[in-house]
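A.B. asks: Sharing a model prediction with you, sequence too.
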Amino acid sequence: MPADEPGATTGPGEYWDSVYERRGAGGVSWFQAVPQTSLDLIRALGTTPDTPVVDAGAGAGTLTAHLAAAGFTDLTAVDISAAALAAARARAAGPPGAAPVSWVHADLLSWRPDRRYGLWHDRAVYHFLTGDADRAAYLATLRAALRPGGIVILAAFAPGGPARCSGLPVARYSPAGLTRSLGAGFTVLAAHAEQHITPDGVIQPFSWVAGSLAP
């Protein structure tokens, strides 16, 4: 196993902590000051502000802060990196009376949510799962976390995107490939291609799907 991959000398949580500590919250390749595609899809799907939302693999991203500012009242951010969550939490801190956010430090492959959500959002986690067992564990968590008929928004590197990210191999998907990964019971409501520009000015193509998941 290469020395820069989780498990070589550290666990995956420590690995991602080191990535954020080296590059800073705004220096990782997937950072977006405004997560416009996510916000547009959430709006287009008619998600109401009282919908319980879980940002799976939230990292140090800005989605939670933007949703809180838009009036969403039931937000949960989950990430394997304590350093990333600390950065996101500092960014999302609002004035007294602002909507509280539940910050969950957990590995999505083993997290066992104690409640169910109306929207599962994941941008740029799923493509790091390159083995069948990890993908199955992720999807088991997703299904346990989502209430019947809940909405999934999932984004991953598209064909033509990088083969590695942050020193790790990644999988790449078309929207149809993401749809197949979500399995039976997933109904596509929207599909989208995005040309993400990293903080270093590199273009990375992403595939997006959004839809409802039957029990």
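C.D. replies: Received the coordinates, thanks.
A.B. asks: so how far is Ala84 from His105?
C.D. replies: 9 Å (C-beta to C-beta, to the nearest Å). Placement of C-beta: from N, CA and C, glycine included.
A.B. asks: neighbour-wise, which of the two wins?
C.D. replies: Taking neighbours as other C-beta atoms under 10 Å, His105 and Ala84 compare with Ala84 leading, 25 against 15.
A.B. asks: isn't that one right up against Gly59?
C.D. replies: Yes - here Ala84 reaches Gly59: they are 4.5 Å apart, a contact under C-beta atoms under 8 Å.
A.B. asks: what sits in contact with each of these two?
C.D. replies: Tyr20 (C-beta atoms under 8 Å, 6 or more residues apart in numbering).
A.B. asks: list the helices and strands the longest helix seen in the chain packs on?
C.D. replies: Assignment by DSSP state H gives helix 132-145 as the longest helix of the chain. Contact analysis of helix 132-145 by 3 or more C-beta pairs under 8 Å, 6 or more residues apart in numbering; DSSP states H and E lists strand 53-56, strand 117-123, helix 175-182 as its packing neighbours.
A.B. asks: where along this structure do the helices fall?
C.D. replies: Ranges of helices within the chain are 12-23, 36-44, 63-69, 82-92, 132-145, 175-182, based on DSSP H.
A.B. asks: Out of the ones you listed, which is closest to Pro199?
C.D. replies: Among those, the nearest to Pro199 by C-beta to C-beta is helix 12-23 (8.7 Å).
A.B. asks: quick one, the closest one and helix 82-92 angle?
C.D. replies: Put simply, helix 12-23 runs at 60 degrees to helix 82-92, going by axes from the mean of the first three to the mean of the last three C-alpha atoms, to 10 degrees.
A.B. asks: Show me what helix 12-23 packs onto, helices and strands only.
C.D. replies: When contacts are defined as 3+ C-beta pairs under 8 Å, 6+ apart, helix 12-23 packs onto helix 82-92.
A.B. asks: got the buried residues for the helix it packs on?
C.D. replies: Neighbour-count burial for helix 82-92, counted by 16 or more other C-beta atoms under 10 Å, picks out Ala83, Ala84, Leu85, Ala86, Ala87, Ala88, Arg89, Arg91, Ala92.
A.B. asks: could I get the residues you listed as JSON lines with distance to Gly150 and pLDDT?
C.D. replies: Converted to JSON lines, the buried residues of helix 82-92 look like this (distance: C-beta to C-beta, whole Å; pLDDT from 0 to 100):
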{"residue": "Ala83", "distance to Gly150": "29", "pLDDT": "87"}
{"residue": "Ala84", "distance to Gly150": "25", "pLDDT": "87"}
{"residue": "Leu85", "distance to Gly150": "23", "pLDDT": "88"}
{"residue": "Ala86", "distance to Gly150": "28", "pLDDT": "87"}
{"residue": "Ala87", "distance to Gly150": "28", "pLDDT": "84"}
{"residue": "Ala88", "distance to Gly150": "23", "pLDDT": "84"}
{"residue": "Arg89", "distance to Gly150": "25", "pLDDT": "83"}
{"residue": "Arg91", "distance to Gly150": "26", "pLDDT": "75"}
{"residue": "Ala92", "distance to Gly150": "23", "pLDDT": "73"}
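A.B. asks: Name the spans of this protein whose pLDDT lies under the cut-off.
C.D. replies: 1-10, 25, 93-99 (pLDDT under 70).
A.B. asks: Return the distance of the residue most central in space within the chain relative to Phe128.
C.D. replies: The centre of the chain sits closest to Asp122, judged by C-alpha atoms, centre = their mean, with a distance of 2.7 Å. Separation of Asp122 from Phe128 (C-beta to C-beta) stands at 11 Å.
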